[in-house]
Structure formats: structure tokens, C-alpha cells
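S.K.: Structure of the sequence below:
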Amino acid sequence: MQQQAGQSPGALAVASPSRPEGLPEQFWDAETGSVKFEDLGKSYNELSAFKAQADSLRAAAPETPDGYAFRVPDSVKLPDGYTFVANPDDPLVSLGRQVAHRAGLDQSGFDDLVKMYAEHQTGQAQQLETWKGEQVKALGPQGPQRVAAVKQYLTAVAGAAVLPVFDFVLDTKSGVEAIERLMRHANSGGVPSYGQSGRESGAAPELDRSKMTPAERFHFADRGAKRT
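M.R.: Residues are numbered from 1 along each chain as shown. The predicted structure is shown next:
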């Protein structure tokens, strides 16, 4: 063996220990070239405890997604005057069950998902009520009376059963005004005039649902949150 310069006769170079392959750097002491066994053991115990907890939760989960009971937890906080009715046929309920089952949640974990769902839907219902109030206010001081008169007219002409068909129309300022124009034409015996566009001159533009606010779109997706 060839002797390197600066070494005394008979001396051999000893390589420093290197970090074992696969050992995270946080468990290696580069200065002493040794494994931090205390830190490694603590991390192993934490992982073991986490795995045991996860296994326990999964063992408590239903065998199938349909095994979760859909109920409104007592912990749900709703605004005064609002209630939430559980609707098991809502497609979001089925999706929630599948997500909970894949995550290995027990019934308590699924209840937490329902709690967030109920509170979110109630918040949406509040926004809708606010928007509807703004629409009536935009009709002027006699707004409520104008809406009532339009409902009375529709009931007299087509029967009370037709009112649900006009729910969204009657919740909008432009919808109420459009029916009022029809009422005036009917009372005067006149026939609405149409221009080249095929729409009555001065008539309110058709509603573009793509431009609706979240509250307006929620009107068509009743999830169970209602004012009592």
C-alpha cells in the first residue's frame, strides 16, 4: 500500500461513518457519525399510536357507505327562526357517505360532516331570504301589496295550484312587473304588441340564469334549510 504524504509510517486513513441508506437525515448525527436512537424511537412510538388510532376508527366505520345514519346532530348551530330537515334523498348525502367511508370515519365523524353541511345550507337559505327581501323592496313602498295582488290574479285565472310554477318569477322585481303588464293588458282588453325581436315593446329582458347570483341559483336547489 502506498503511503500518502504527511502520514507517519504505518498510519492508515479511516473513512468517517456515513448515514445509512433510507435513514431520514433528522435521525442522523453528522458530527458524531451516529444514529439518534432516542429521536428515532420517539418518532416510531408516535407513528405506532397514530396507526393504532386510525385502525380503531376504521374498525368502527360501517361496512358499507349506506351504513351511516343521516341525522342532524344536536351540535348544529342554526340562526333563530331557521330549521334544517334531513333529506336522505339528496345526492350530496350519498356523496358524503362515500367520502366518509373511504376516509374510514365512524358515525361520529360522519355526523361532523352533516353538521357542516346543515350549517352551510342554512347560510345559503339566509342569503336567499335577504335577496328576496331586496327584490320586494325594489318594487317600492307597496312592494308586498303588489306581490300579493299578482298572486291573487294568478290564482283567480289559473287556480292556486299554479302558484308554485311562478315561485321564482314572483321572487324577482322584473317577474312581478312582467305579470303586472299582462294584468293591465287583460283588464284593458288590449293585445300585447310585439316587435321584430318577438317580445313585447318595453318588456323586461328574459332572465339569464348563467348570470344569477349564488342566492338566485340556490332557489332551484332546496337542500332542506328553511325559515320556520
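S.K.: Flag the helix or strand of the protein with the lowest per-element mean pLDDT.
M.R.: helix 214-218 (a mean of 56; mean pLDDT, DSSP states H and E).
S.K.: Count the neighbours of Glu134 for me.
M.R.: Using other Cβ atoms under 10 Å, Glu134 has 11 other residues around it. Heads up, the C-betas are built off the backbone N, CA and C, glycines and all.
S.K.: those strands in this protein, which residues are they?
M.R.: With strands called from DSSP state E, the chain shows them at 28-29, 34-35, 82-84, 225-227.
S.K.: got those strands as CSV, with mean neighbour count and mean pLDDT columns?
M.R.: Below are those laid out as CSV (neighbours: other Cβ atoms under 10 Å; pLDDT from 0 to 100):
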stretch, mean neighbour count, mean pLDDT
strand 28-29, 15, 80
strand 34-35, 13, 79
strand 82-84, 17, 80
strand 225-227, 17, 63
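S.K.: Would you tell me which of the ones you listed gets closest to Asp111?
M.R.: Smallest distance to Asp111 across the strands of the chain (Cβ to Cβ): 13.4 Å, for strand 82-84.
S.K.: Can you list the strands that the closest one pairs with?
M.R.: strand 225-227 (antiparallel) (DSSP bridges).
S.K.: Now do the buried residues in stretch 85-92.
M.R.: For stretch 85-92, burial by neighbour count (16 or more other Cβ atoms under 10 Å) applies to Asp90.
S.K.: Equivalent analysis for stretch 64-83, please.
M.R.: 65, 68, 70, 72, 78, 82.
S.K.: same thing with stretch 132-150?
M.R.: 132, 135-136, 139, 143, 146-147, 150.
S.K.: I'd say Tyr68 and Val99 touch.
M.R.: No. Applying Cβ atoms under 8 Å, one finds Tyr68 not in contact with Val99, separated by 10.4 Å.
S.K.: Just give the number of residues close to Pro20.
M.R.: 9.
S.K.: quick one: contacts for it?
M.R.: Going by Cβ atoms under 8 Å, 6 or more residues apart in numbering, Pro20 touches 28, 35.
S.K.: And it, how far from Leu40?
M.R.: 11 Å (Cβ to Cβ, to the nearest Å).
S.K.: Now the lengthiest helix in the chain: average pLDDT?
M.R.: Longest helix of the chain, by residue count under DSSP state H: helix 107-138. The average pLDDT within helix 107-138 is 90.
S.K.: Remind me what it packs against, helices and strands.
M.R.: For helix 107-138, the packing partners by 3 or more Cβ pairs under 8 Å, 6 or more residues apart in numbering; DSSP states H and E come out as strand 82-84, helix 91-102, helix 143-158, helix 173-188, helix 214-218, strand 225-227.
S.K.: Quick one: closest of the ones you listed to Gly109.
M.R.: When the helices and strands packed on helix 107-138 are compared by Cβ to Cβ, helix 91-102 sits nearest Gly109, at 6.2 Å.
S.K.: Point out where this structure drops to low pLDDT.
M.R.: 1-16, 44, 48-60, 189-228 (pLDDT under 70).
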